[in-house]
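A.B. asks: Any chance you can model this:
(one chain, ligands or ions: 3)
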Amino acid sequence: MSLRRTMLFIPGNNPGMLQNGGVFGADSVILDLEDAVAPQEKDAARFLVAQALKTVDYGTSEKVVRINPLDTFGAKDIQMIVPCQPDVLLVPKVESAQDIEGVTRLVAQAEMEGQKPVQLIALLETAKGIALAYQIAQTKGRLVALALGAEDYTAGLGAARTKEGQEIFTARSLVINAAAAAGIQSLDTPFTDANDEDGLYQDALTGKELGFKGKLAINPRQIDVIHGVLNPTAATIEWAEAVVQAIRKAEAEGSGVASLHGKMVDAPIVARAEHILQLARKLGVEVMQ
Ligand SMILES: CC(=O)SCCNC(=O)CCNC(=O)[C@H](O)C(C)(C)COP(=O)(O)OP(=O)(O)OC[C@H]1O[C@@H](n2cnc3c(N)ncnc32)[C@H](O)[C@@H]1OP(=O)(O)O
Ligand SMILES: O=C([O-])CC(=O)C(=O)O
Ligand SMILES: [Mg+2]
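C.D. replies: Numbers count the residues shown, from 1 in each chain. Ligands and ions are numbered 1, 2, ... in the order given. Just a heads-up that it's a prediction; the model follows:
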């Protein structure tokens, strides 16, 4: 599974930001044709994003385009953008498996022969989308992740949008659970105050503790903060290695349970430790095999 700790939104009508988007070290860039772009600018933005995909070097960042929903400009977006070889399309306002299937059909028609298949991420940001999260997550084929869009979601509910986020606790958990049940990634909603670093840190930590594997971002300054939260620390890696060593020793002695400084180590603890070591390896940290 690709690492998607951070996915940086870049408004699709801003040539300067589109040009520089690759230099900030985000795991993904999301070139946005939807809500960052006013309706009268949709055509110009689509053209700019197509050009950016063809000419800008986004380095190691995965190239994602947020298209519009199919009932507005989505079909036009797919037709022009897919042949420019984005890695992923982020599909907004997804409310059913049929929404993803509809996009899948159009993407298949637009792909050129021999092109690497374009993957999809479903953005759940309506009450219905959250209610049907598991049905959506099970759409087979191109879907690699569910993301939560908390701004539209809370606006639709008529809920407040607070820094602490108690109003999105249930939605976060439903998205994480649905994605995990379907074996795909879950990605947290962006924190929209680009100047509040402490608030972002807390929000990213909450998301990580609930189980999200990555977080959307709206400003380059947010990237290091989120990576700092999601990357395993040296102490965590050390703990994970000790757990694996302890269980290997116990297994060699014919037991499935070990003790590490008095704490029980059994299968789920080992699975947690192995996830940490796997992530560390993906980040290029040398850890035990
Ligand atoms: C709810 C949703 O749908 S979220 C998704 C849609 N929203 C977006 O895409 C918004 C993207 N972000 C932005 O437009 C801006 O970061 C804002 C409006 C949030 C904040 O704007 P500002 O306060 O002006 O940004 P800031 O002062 O931090 O910008 C500093 C530099 O980073 C650049 N920058 C800011 N945001 C981005 C970005 N998302 N991508 C690339 N570059 C960016 C600016 O161009 C500026 O560059 P410069 O120094 O070369 O001039
Ligand atoms: O992509 C996102 O998560 C941001 C978004 O659209 C929303 O919160 O409504
Ligand atoms: Mg939205």
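
A.B. asks: what does the model give the residue of the stretch 1-150 of the chain found nearest ligand 2 for pLDDT?
C.D. replies: Nearest residue of the stretch 1-150 of the chain to ligand 2, counting by CB to the nearest ligand atom: G149, 3.1 Å away. Any C-beta I mention is one placed from the backbone N, CA and C, and that applies to glycine too. What the model reports for G149 is a pLDDT of 98.

A.B. asks: give me the number of residues near it?
C.D. replies: The local packing of G149 (other CB atoms under 10 Å) involves 26 other residues.

A.B. asks: What of A160?
C.D. replies: Using other CB under 10 Å, A160 has 8 neighbouring residues.

A.B. asks: quick one: the residue nearest to it when sequence neighbours are not counted from L216, how far?
C.D. replies: Nearest residue to A160, sequence neighbours excluded (CB to CB, 6 or more residues apart in numbering): E167, at 5.9 Å. For E167, the distance to L216 equals 18 Å [CB to CB, to the nearest Å].

A.B. asks: How about R105?
C.D. replies: With CB to CB as the criterion, R105 and L216 are 26 Å apart.

A.B. asks: now swap in F169 and tell me
C.D. replies: F169 sits 18 Å away from L216, going by CB to CB.

A.B. asks: between those two, which one's more packed in?
C.D. replies: Comparing F169 with L216 by other CB under 10 Å, the one with more neighbours is L216, at 26 against 12.

A.B. asks: OK, contacts around L8?
C.D. replies: Each residue near L8 by CB atoms under 8 Å, 6 or more residues apart in numbering is listed here: 21, 24, 26, 28-30, 61, 217-220, 222-223.

A.B. asks: quick revisit: give me the number of residues near the residue nearest to A160?
C.D. replies: 15.

A.B. asks: A159 is in contact with that one, correct?
C.D. replies: Yes - counting by CB atoms under 8 Å, E167 does reach A159; the two are 4.3 Å apart.

A.B. asks: Not counting sequence-adjacent ones, nearest residue to N231?
C.D. replies: In space, N231 is closest to L283, 6.3 Å off (CB to CB, 6+ apart).

A.B. asks: Let me know whether that neighbour touches L230 as I believe.
C.D. replies: No - with contacts counted by CB under 8 Å, L283 stays clear of L230, the gap being 9.7 Å.

A.B. asks: Near ligand 1, which residues of the stretch 151-289 of the chain are found?
C.D. replies: Within the stretch 151-289 of the chain, the residues that sit near ligand 1 (CB under 6 Å from any ligand atom) are 151, 190, 194, 218-221.

A.B. asks: can you tell me which of those are in helices?
C.D. replies: Those of these mapping onto helices are 151, 221, per DSSP state H.

A.B. asks: Compare the residues of the stretch 151-289 of the chain next to ligand 1 and tell me which is most surrounded.
C.D. replies: With neighbours set by other CB under 10 Å, the maximum within these is found at P190, which has 25 neighbours.

A.B. asks: and that residue, what does it touch?
C.D. replies: 9, 215-218, 222.

A.B. asks: how about the strand or helix carrying D99: buried residues?
C.D. replies: Following DSSP states H and E, the helix or strand that holds D99 is helix 97-110. Of all the residues in helix 97-110, those buried under the rule 16 or more other CB atoms under 10 Å are 97, 99-100, 102-104, 106-107, 110.

A.B. asks: Tell me how many other residues crowd the closest residue to K42 other than its chain neighbours.
C.D. replies: Sequence neighbours aside, F73 is the residue nearest to K42 in space, at 5.2 Å (criterion: CB to CB, 6+ apart). As a burial measure, F73 scores 19 neighbours (other CB under 10 Å).

A.B. asks: pretty sure F73 is touching Q40, no?
C.D. replies: No - judged on CB under 8 Å, F73 makes no contact with Q40 at a distance of 11.8 Å.

A.B. asks: got the contact list for the most centrally placed residue in the chain?
C.D. replies: Residue closest to the mean C-alpha point of the chain, counted by CA atoms, centre = their mean, is L187 at 3.6 Å. Contact analysis of L187 by CB under 8 Å, 6+ apart lists 4, 7, 121, 145-148, 212-216.
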